[in-house]
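**Student:** Got a predicted model here, sequence first, then my questions.
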Amino acid sequence: MKSIAFTLVNIAYLPVAKTLADSFILHNPDIPFYICLFDDQKNIKDPVFLDYNIYDKNKLDLKEYDSMRERYSNLSMACALKPYFAEQLIKDSSAESVIYLDADTKVFDKLDTITGIFDTEESSIILTGHNYKVVKDSREVIFNAFTRKYGIFNAGFFAVKNTKAGNEFLNWWKRMLFEYCVQDEKKGILYDQTWLDLATLYFNKELHILDHLGYNVAFWNLKEREISRNGNRYFINDSIPLVFYHFARYNYYNSEFVDGYSQRLVSYPILQEIFERYRIELKENLFENYIKETKTTIKDIPQKIKNRFRFYLEILTDKL
């Protein structure tokens, strides 16, 4: 199956996208990887980024793009344009499937499970849940409430097959994000992510929920996914290859935390090793030239932000 993969950033986050691209290409050299920009690539100044497949906003319908650009923040744009670029990449490359990864991700193994699913099943859409196992502890209710509030799927990864159902999914998601790719807690909407809950109803027969624990490992599922190393390879729960780690809420200038705030890496020695290497790679890819110092702790978070993310923060600390 001819697959392609992409991530989506603005020029400021090119160092992060390059770090992902390098790891993806290393482990999946047979899958073309694109760095999509919601900026204009002619504004890229450092030639180190020009060796990659760059795909910018000018490939899209600029009338739709301009409408969103007037209404949306950079974060909203980075979320809203995912299905737009996915659709356009499929059209331009005649690919049989497309894979998306958030830029703050690093790949450690082949993503051949995806092509295997598309080759052998009727599925046209692949999503990953935030968690798959019941973890019974004192925070169980709070944690499940957080998942209900912010979505059962993580939008940092998806894969779509170039079929009628796959294209219908992308078109449906585009319509939702064109109108309403924002955070609106009263309506239960978190940018592109919470819309995906509806895919379980609208695309039930075409949706494959990928429960491979090596995909989309992140701070929110570490309780069910213990990371270990055997030689040069990393594994989940001793036997499942780590395919990619999602460095969500990673803070380059506060890199001793798993989540950017409170969970210290010293509690996860193998993960600390992964984080230290990731920081080196970001630095080598000019991160400090593009994103300036921002340190954040629980004490630094304004009360209105604490209120907004209360479920999440209660999981992390007892001292709100």
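**Tutor:** Now that the structure is in, tell me what you want to look at.
**Student:** Show me which strand runs longest in the chain.
**Tutor:** strand 3-9 (DSSP state E).
**Student:** what's downstream of it, the next helix or strand?
**Tutor:** Sequence order places helix 14-27 as the next helix or strand after strand 3-9, per DSSP states H and E.
**Student:** who touches that following helix?
**Tutor:** For helix 14-27, contacts defined as CB atoms under 8 Å, 6 or more residues apart in numbering pick out 5, 7, 9, 31, 33, 35, 44, 46, 48-49, 52, 101, 103-111, 278, 281-282, 285-287, 289-291. Backbone N, C-alpha and C define where each C-beta goes, glycine included.
**Student:** Now, of these, which are buried?
**Tutor:** 5, 7, 9, 31, 33, 35, 44, 49, 52, 101, 103-109, 111, 278, 281-282, 285, 287, 290 (16 or more other CB atoms under 10 Å).
**Student:** returning to that earlier point: parallel or antiparallel, list what pairs with the longest strand of the chain.
**Tutor:** Strands adjacent to strand 3-9 in the sheet, as given by DSSP bridges, are strand 33-37 (parallel), strand 97-101 (parallel).
**Student:** Turn these into JSON lines, columns for distance to Ala248.
**Tutor:** JSON lines is the format used below for the strands paired with strand 3-9 (distance: least, CB to CB, whole Å):
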{"stretch": "strand 33-37", "distance to Ala248": "19"}
{"stretch": "strand 97-101", "distance to Ala248": "12"}
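**Student:** Quick one: closest of those to Trp173.
**Tutor:** Trp173 lies closest to strand 97-101 among the strands paired with strand 3-9, at 11.2 Å (CB to CB).
**Student:** what distance separates that closest one from the centre of its chain?
**Tutor:** 11 Å (CA atoms, centre = their mean, to the nearest Å).
**Student:** tell me the angle of it relative to helix 14-27?
**Tutor:** 130 degrees (axes from the mean of the first three to the mean of the last three CA atoms, to 10 degrees).
**Student:** Quick one: mean pLDDT over strand 97-101.
**Tutor:** Mean pLDDT, computed over strand 97-101, is 98.
**Student:** and if you look at stretch 61-80?
**Tutor:** 97.
**Student:** Just the C-alphas of it, formatted as CSV.
**Tutor:** In CSV, the C-alpha atoms belonging to stretch 61-80 read as follows (Å, rounded to 0.1, in the frame of the first residue of the first chain):
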residue,chain,number,x,y,z
ASP,A,61,-8.3,26.6,-0.8
LEU,A,62,-7.1,30.0,0.2
LYS,A,63,-10.6,31.4,0.6
GLU,A,64,-11.3,28.8,3.3
TYR,A,65,-7.8,29.3,4.8
ASP,A,66,-8.2,33.1,5.0
SER,A,67,-11.6,32.8,6.7
MET,A,68,-10.1,30.5,9.4
ARG,A,69,-7.0,32.7,9.7
GLU,A,70,-9.1,35.7,10.5
ARG,A,71,-11.0,33.9,13.2
TYR,A,72,-8.5,31.4,14.7
SER,A,73,-5.4,31.5,16.9
ASN,A,74,-2.2,29.6,15.8
LEU,A,75,-3.3,26.7,18.0
SER,A,76,-6.7,26.5,16.4
MET,A,77,-5.2,26.7,12.9
ALA,A,78,-2.8,23.8,13.7
CYS,A,79,-5.7,21.7,14.7
ALA,A,80,-8.3,22.8,12.1
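**Student:** Need the residues that contact that stretch.
**Tutor:** 8-10, 38, 57, 81, 84, 155, 177-178, 181-182, 191-193.
**Student:** Which ones among those lie within helices?
**Tutor:** 84, 177-178 (DSSP state H).
**Student:** can you put those residues in JSON lines and add neighbour count?
**Tutor:** Listed next are these as JSON lines, based on neighbours: other CB atoms under 10 Å:
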{"residue": "Tyr84", "neighbour count": "24"}
{"residue": "Leu177", "neighbour count": "23"}
{"residue": "Phe178", "neighbour count": "17"}
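**Student:** Tabulate these in a markdown table, adding columns for distance to Val243 and pLDDT.
**Tutor:** Output for the ones in helices among the contacts of stretch 61-80, formatted as a markdown table (distance: CB to CB, whole Å; pLDDT from 0 to 100):
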| residue | distance to Val243 | pLDDT |
| --- | --- | --- |
| Tyr84 | 26 | 98 |
| Leu177 | 26 | 98 |
| Phe178 | 31 | 98 |
